[in-house]
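Student: Below is the sequence, then the predicted model.
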Amino acid sequence: MKETINQENEKWVCDKCKKKLVSEKVKVKYLDGNFEVELLRCPECKIVFIDEELALGKMLEVEKGLEDK
């Protein structure tokens, strides 16, 4: 995944700040869980980018697993 994020970094730019997104560990909170994941983020405004594949794939799978508990 790290290699994919580095490749993605080359093509994604923050629309607001016009800065290249960088790969960073980001704290994510869902229900009662706190997670730290590596995602693309703007170095200036700190907005996080979650691509469609991640949102509808891995994150949806984790979300359903947490809700079933």
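Tutor: Good, I have the coordinates. Treat the numbers as computed from the prediction; the structure is a model and nothing was measured. Residues are numbered from 1 along each chain as shown.
Student: the bottom helix or strand of the chain by mean pLDDT?
Tutor: helix 2-9 (a mean of 49; mean pLDDT, DSSP states H and E).
Student: for the helix or strand that comes right after it, what is the average pLDDT?
Tutor: Next helix or strand after helix 2-9 toward the C-terminus (DSSP states H and E): strand 22-30. Across strand 22-30, pLDDT averages out at 88.
Student: repeat for stretch 53-65
Tutor: Stretch 53-65 comes out at a mean pLDDT of 71.
Student: just use 39 as the starting number from now, easier for me
Tutor: Yes, from this point I'll number from 39; that puts the last item at stretch 91-103.
Student: And Cys52, its phi and psi?
Tutor: For Cys52, the backbone dihedrals are phi -70, psi 130 (criterion: degrees, to the nearest 10).
Student: who touches it in this structure?
Tutor: Lys58, Leu59, Cys80, Glu82, Cys83, Ile85 (C-beta atoms under 8 Å, 6 or more residues apart in numbering). In short, each C-beta sits where N, CA and C put it, glycine included.
Student: Try it again at 6 Å.
Tutor: Cys80 (C-beta atoms under 6 Å, 6 or more residues apart in numbering).
Student: Got the confidence number for it?
Tutor: Confidence score, pLDDT, at Cys52: 95.
Student: Glu105 versus that one, what's the distance?
Tutor: 31 Å (C-beta to C-beta, to the nearest Å).
Student: export stretch 53-62 as PDB, just CAs?
Tutor: Presented in PDB, the C-alpha positions along stretch 53-62 are these (Å, rounded to 0.1, in the frame of the first residue of the first chain):
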ATOM      1  CA  ASP A  53      -7.500  22.100  -5.100                       C
ATOM      2  CA  LYS A  54      -7.500  24.700  -2.400                       C
ATOM      3  CA  CYS A  55      -3.800  25.200  -1.800                       C
ATOM      4  CA  LYS A  56      -2.300  23.800  -5.100                       C
ATOM      5  CA  LYS A  57       0.200  21.800  -3.100                       C
ATOM      6  CA  LYS A  58       1.200  18.200  -3.800                       C
ATOM      7  CA  LEU A  59      -0.400  15.800  -1.400                       C
ATOM      8  CA  VAL A  60       2.000  13.900   0.900                       C
ATOM      9  CA  SER A  61       1.600  10.500   2.600                       C
ATOM     10  CA  GLU A  62       1.100  10.900   6.300                       C
END
